[in-house]
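Trainee: using only what follows, build the 3D model:
(one chain, ligands or ions: 3)
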Amino acid sequence: MTSSSLMSKLPRHIAVIMDGNGRWAKQRGLSRSEGHRAGVQAARSIVKECLRLGIPYLTLYTFSTENWGRPQEEVSLLFKLLTDFLHDEEEDMCRNGIRLNIFGDPDQLPFSARSILRRVMKSTSANSKLTVNLALNYSGREEILRAVRSILRQGYSPDDLTEAIFQKELYSGDIPDPDLIIRTSGEQRISNFLLFQCAYSEFYFTPVYWPDFSPESLQNALNDYANRSRRYGLTEEQNS
Ligand code: IPE
Ligand code: IPE
Ligand code: MG
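Mentor: Numbers count the residues shown, from 1 in each chain. Ligands and ions are numbered 1, 2, ... in the order given. Predicted coordinates for the structure are as follows:
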């Protein structure tokens with residue numbers, strides 16, 4: 001495929017399960033903390049690459065509701081790294097047209113993370129080049145339940161409820177479903193990520209640990225994606 005036809009088949013929305021920080025560190029005789037620090041650098045470079053490529057939506061699975069069960073020191077470190085990352089990146093995000101969004105309930109996050117998230121979401125809210133959604137304190141099942149609760153509270157009659165109405169109640173709201181979901185580290189599972197939105201996503205699994213996932217690794221995923229045939233239940237002829 002030529003580079004121009006590859007460009008025309010770029011996903012609008014990429015979602016990433018950034019996995020393997022701990023194993024990356026262990027392989028090098030480093031602490032898990034060092035793995036997470038290296039993971040932040042990888043996230044930084046992938047955000048920049050998506051911006052460069054003109055991809056409008058990027059969702060990063062940053063912390064699941066299940067991740068609260070990890071050792072307290074690891075949880076604290078993860079939120080400290082997140083807080084530092086947002087402090088460091090706020091100016092660049094504003095300058096480069098990046099909008100920050102969160103999928104998950106911010107109220108349960110540590111105070112410092114919550115306040116910087118709120119601030120950066122506000123200061124970047126008018127930006128539109130690239131929307132970066134951080135899935136934080138996120139659970140796909142909980143997101144669906146939360147939407148159901150909201151629908152019930154609004155008193156919809158069952159016959160009036162449509163997919164479009166339901167979708168608006170998800171954290172993703174009007175954001176298009178992910179075209180491509182990447183999971184690093186060799187695991188091939190969804191781990192409670194975007195359960196409703198992934199109905200017709202293309203999946204890309206790579207053995208690369210997240211800290212080693214480079215712009216070149218992203219390009220490999222994009223090349224693979226460009227060669228997929230998305231049929232949405234129809235025949236190949238109908239889609240061509
Ligand atoms: C991903 O790396 C980061 C988070 C889940 C927060 P892991 O910490 O899960 O790394 P492994 O899976 O232990 O290697
Ligand atoms: C998924 O990774 C969550 C994030 C990347 C934030 P995990 O490492 O928590 O997932 P499992 O435990 O391997 O399924
Ligand atoms: Mg993991």
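
Trainee: in this protein, where is pLDDT below threshold?
Mentor: Along the chain, segments meeting pLDDT under 70 span 1-8.

Trainee: which residues of it lie near ligand 2?
Mentor: Contact residues, the chain versus ligand 2 (C-beta under 6 Å from any ligand atom): I17, M18, D19, Y61, T62, F63, S64, N67, E187, R189, S191. All C-beta atoms are positioned from the backbone trio N, CA, C, and that covers glycine.

Trainee: again, only this time at 8 Å
Mentor: Proximity of the chain to ligand 2 (C-beta under 8 Å from any ligand atom) is limited to residues 17-19, 22, 61-64, 66-67, 135, 138, 185, 187, 189, 191-193, 210.

Trainee: narrow the residues you listed to those that are buried.
Mentor: Using 16 or more other C-beta atoms under 10 Å as the burial test, those include 17-19, 22, 61-64, 67, 135, 138, 185, 192-193, 210 as buried.

Trainee: tell me the one of the residues you listed nearest R149?
Mentor: In terms of C-beta to C-beta, no member of those lies closer to R149 than Y138, at 16.6 Å.

Trainee: excluding its backbone neighbours, what's nearest the closest one?
Mentor: Nearest non-adjacent residue to Y138, counting by C-beta to C-beta, 6 or more residues apart in numbering: G104, 4.0 Å away.

Trainee: and stretch 209-220, how far out from the chain middle?
Mentor: Stretch 209-220 has its C-alpha centroid displaced from the chain centroid by 15 Å (C-alpha atoms, centre = their mean, to the nearest Å).

Trainee: now swap in stretch 189-200 and tell me
Mentor: In this view, stretch 189-200 has its centroid 11 Å away from the chain centroid, taken as C-alpha atoms, centre = their mean.

Trainee: now what about it, what contacts it?
Mentor: Around stretch 189-200, the neighbours that count as contacts under C-beta atoms under 8 Å, 6 or more residues apart in numbering are 15, 17, 19, 59, 61, 64-66, 135, 138-141, 143-144, 147, 167, 170, 172, 177-178, 181, 183, 201, 230, 232.

Trainee: filter the residues you listed down to the buried ones, ChimeraX style.
Mentor: The buried residues among the contacts of stretch 189-200 can be selected in ChimeraX (16+ other C-beta under 10 Å) with this line:
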select :15,17,19,59,61,64,65,135,138,139,140,143,147,167,170,172,177,178,181,183,201
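
Trainee: around ligand 1, which positions in this protein sit nearby?
Mentor: Those residues of the chain that sit near ligand 1, judged by C-beta under 8 Å from any ligand atom, are 18-26, 32, 35-36, 39, 61-64, 67, 70, 74, 78, 185, 187, 209-210.

Trainee: doesn't D107 make contact with R118?
Mentor: No: checked against C-beta atoms under 8 Å, the pair R118 and D107 is beyond contact range at 10.6 Å.

Trainee: between these two, which one's more packed in?
Mentor: It is R118, of R118 and D107, that has more neighbours when counted by other C-beta atoms under 10 Å, with 12 against 7.

Trainee: for ligand 1, see how far away that one is.
Mentor: 21 Å (C-beta to the nearest ligand atom, to the nearest Å).

Trainee: how close does that residue get to ligand 2?
Mentor: 21 Å.

Trainee: so that residue is in which element?
Mentor: Assigned by DSSP states H and E, R118 belongs to helix 111-123.

Trainee: give me the contact list for that helix.
Mentor: Outside helix 111-123, the residues within contact range by C-beta under 8 Å, 6+ apart are 79, 82-83, 86-87, 89-90, 93-94, 100-102, 106-107, 109, 134, 136.

Trainee: right, and the helix or strand after it?
Mentor: strand 130-138.

Trainee: how far does that next one sit from its chain's centre?
Mentor: On C-alpha atoms, centre = their mean, the centre of strand 130-138 falls 5 Å from the chain's centre.
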